[in-house]
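**Q** sequence first, predicted model second:
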Amino acid sequence: MDYETLLIDKKEGITTVTLNRPAKLNAMSEQMIQELVQLFTELRQDAVTRFVIFTGAGRAFSAGADVATLADLGKDLTLARMGQLLGHDFMRSLENLEQVTIAAVNGLAMGAGLSLAMACDFRIASETASFGIPEAAVGVFFTWGCTPRLTKLIGPAKAKELIMTADPVDAKEALAIGLVNKVLPAD
């Protein structure tokens, strides 16, 4: 399948998925989420790929949900529910991949971008990466089943702090609290 918001590179058992909306800091539009779910379906049938690496084009992994393209979902309760179901389907589809999944976080990983990273088996951050949950700052809640994932990774006290304050953490702190597995030099 051809993708408009993703770049796919397959080499020697490794599929690299680059979120490709750099002008929007790789914010996740409904189209990108649908394309990712479709890709996960294809990967379940892929006997060659052993590892899937996610990264972002440009200076961000993903700034989170593209509020502009998802705004209409909040205007109608049925559409809002459909958006939530799409998000949950996206997260479950990623977590259920048989391949080892790695988030190579090269910059901002906020909201839905952090959610994608948390659903991966491993998270490797560049020294310039930062992580956050800005939802509280704009009056919405952290969703798609991500609160339990965050709590499992970093514990309830730190999870509450990140969710309720909306304060971002840098790569060094993310490593210290267990949000990422490793921090590497940016390049």
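**A** Cool, got the structure. Everything quoted here is computed from the prediction, not taken from an experiment.

**Q** setting aside sequence neighbours, what's the nearest residue to Q99?
**A** Once flanking residues are discounted, Q99 sits nearest to V52: 4.9 Å by Cβ to Cβ, 6 or more residues apart in numbering. C-beta: built from backbone N, CA, C; applies to glycine.

**Q** hang on, isn't that neighbour packed against L97?
**A** Yes: with contact defined as Cβ atoms under 8 Å, V52 counts as touching L97 (6.5 Å).

**Q** mutual contacts of those two, please.
**A** With contacts taken as Cβ atoms under 8 Å, 6 or more residues apart in numbering, V52 and L97 have L43 as neighbours in common.

**Q** and the spatially most central residue of the chain, what does it touch?
**A** Nearest residue to the geometric centre of the chain (Cα atoms, centre = their mean): L116, 2.1 Å. Contact partners of L116, counting by Cβ under 8 Å, 6+ apart, are M28, F54, F61, S62, L94, A103, A109.

**Q** if we can go back for a sec, can you tell me which residues contact the residue nearest to Q99?
**A** Contacts of V52 by Cβ under 8 Å, 6+ apart are I14, T15, T16, V17, L43, L97, Q99, V100, T101, I102.

**Q** same thing with T5?
**A** Under the criterion of Cβ under 8 Å, 6+ apart, the neighbours of T5 are L19, N20, R21, S29, Q31, M32, E35.

**Q** who wins for neighbours among the residues you listed?
**A** Counting neighbours by other Cβ atoms under 10 Å, L19 leads the contacts of T5 with 27 neighbours.

**Q** show me what contacts L25?
**A** L25 neighbours (Cβ under 8 Å, 6+ apart): G56, G58, R59, A60, S62, A63, G107, L108.

**Q** now the element after the helix or strand bottoming out on mean pLDDT in the chain, going C-ward?
**A** Within the chain, confidence by mean pLDDT, DSSP states H and E is lowest for helix 67-70 among all helices and strands, at a mean of 66. Past helix 67-70, further along toward the C-terminus, the next helix or strand under DSSP states H and E is helix 77-95.

**Q** tell me which element A157 falls in.
**A** helix 156-165.

**Q** buried set for that helix?
**A** For helix 156-165, a neighbour-count test (16 or more other Cβ atoms under 10 Å) marks K158, A159, E161, L162, I163 as buried.

**Q** for the third one, which non-adjacent residue is closest in space?
**A** Looking back up the chat, that one is E161. Nearest non-adjacent residue to E161 (Cβ to Cβ, 6+ apart): D167, at 7.5 Å.

**Q** that neighbour reaches G132, doesn't it?
**A** Yes: here D167 lies in contact with G132, judged by Cβ under 8 Å, at a distance of 7.0 Å.

**Q** compare the two and say which is more crowded by neighbours.
**A** G132 (23 against 13).

**Q** all set now, cheers.
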